[in-house]
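Visitor: model this:
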Amino acid sequence: MKLIFDIQYFPSVIFYKNSYNFTHIVIEQCETYQKMSFRNRCQIAGAEGIVDLSIPLVKGRDQKTFIRDVRIADGLPWQAQHWKTIVSCYNRSPWFEFYRDELESLYRKPFDFLIDWDLSCLEWSFRMLGLTPSIGLTESYQKSYADGEEWVDMRETLLPKTREVWGVATSRYRQVFEERTGFVPGLSILDLLFCEGKNAIRYIRS
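Guide: This is a model prediction of the structure:
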């Protein structure tokens, strides 16, 4: 079975739980860019609740460009700002120092295209979890995949507006600001890695 998924910036832990049993993951690169999604946004936990990290794009969020051609806006220090926010939110988490140097190096590497950044984040997170699925890219857009073709289509299933639906079923783990904000389900995989470290894979496969 192959899983097809829309590309996202450090996706939710829900994606990793749903993709755990797949050895082949195909990323949709032939769709047009969709606003109000996680393609250029990820969500982490802050002292006041959810913090959105958004990547600025050339042509903005209303463009109708193929996702493979969407460019990151030049001249804006978004990587430095995102990294500063991540440090502020997680520098006291149990596993932050374990991942810090390598992740900081990723945030210092320049990227022109959004899909290249998102793929680098995806590959880094799989490696930190000890998972080794093959990752491919679509060659053309297909609206739907018929039953029996050995595909599971997860495109457009994890969206900010549907968080209350897909976040409910997630099991709990200890979060940095849980005593202040309560447990926040469905955050970026970064939250789980910083809080659970090498034990994160147990949560993913449970």
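
Visitor: Quick one: the strands in the protein, in order.
Guide: Assigned by DSSP state E, the chain shows strands spanning 2-6, 24-28, 41-46, 49-54, 134-137, 151-153.

Visitor: Among the ones you listed, which comes closest to residue 97?
Guide: Using Cβ to Cβ as the measure, strand 41-46 is the one of the strands of the chain that comes nearest residue 97, at 17.0 Å. For the C-beta atoms, the positions are set from N, CA and C on the backbone; glycine is no exception.

Visitor: circling back to that earlier point, now mean pLDDT and distance to residue 85 too, for the strands of the chain, in a markdown table please.
Guide: Putting the strands of the chain into a markdown table (pLDDT from 0 to 100; distance: least, Cβ to Cβ, whole Å) gives the following:
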| stretch | mean pLDDT | distance to residue 85 |
| --- | --- | --- |
| strand 2-6 | 93 | 24 |
| strand 24-28 | 96 | 26 |
| strand 41-46 | 96 | 8 |
| strand 49-54 | 96 | 6 |
| strand 134-137 | 97 | 27 |
| strand 151-153 | 89 | 33 |
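
Visitor: Where does pLDDT dip in this structure?
Guide: Counting by pLDDT under 70, the chain shows low-confidence ranges at 146-149, 163-170.

Visitor: can you pull out the helices in the protein?
Guide: Remark: helices assigned in the chain by DSSP state H are 13-19, 78-90, 96-108, 114-129, 163-166, 178-181, 189-196, 200-205.

Visitor: Quick one: list the elements packing against the longest one.
Guide: Using 3 or more Cβ pairs under 8 Å, 6 or more residues apart in numbering; DSSP states H and E as the contact criterion, the elements in contact with helix 114-129 are strand 24-28, helix 96-108, strand 134-137, helix 189-196, helix 200-205.

Visitor: send the alpha carbons of it over as CSV?
Guide: Presented in CSV, the C-alpha positions along helix 114-129 are these (Å, rounded to 0.1, in the frame of the first residue of the first chain):
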residue,chain,number,x,y,z
LEU,A,114,8.7,25.7,-0.3
ILE,A,115,8.5,22.0,-1.3
ASP,A,116,12.3,21.6,-0.9
TRP,A,117,12.1,23.0,2.7
ASP,A,118,9.1,20.9,3.6
LEU,A,119,10.7,17.7,2.2
SER,A,120,13.9,18.4,4.2
CYS,A,121,11.8,18.8,7.4
LEU,A,122,9.9,15.5,6.6
GLU,A,123,13.1,13.6,5.9
TRP,A,124,14.8,15.0,9.1
SER,A,125,11.8,14.0,11.3
PHE,A,126,11.6,10.5,9.9
ARG,A,127,15.3,10.1,10.5
MET,A,128,14.9,11.3,14.1
LEU,A,129,12.1,8.8,14.6
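
Visitor: ok, and what's touching it?
Guide: The contact list for helix 114-129, computed with Cβ atoms under 8 Å, 6 or more residues apart in numbering, reads 7-11, 16, 27, 29, 39-40, 55, 57, 67-68, 70-72, 99, 102-103, 106, 109, 111, 132-133, 135, 189-190, 193, 200-201, 204.
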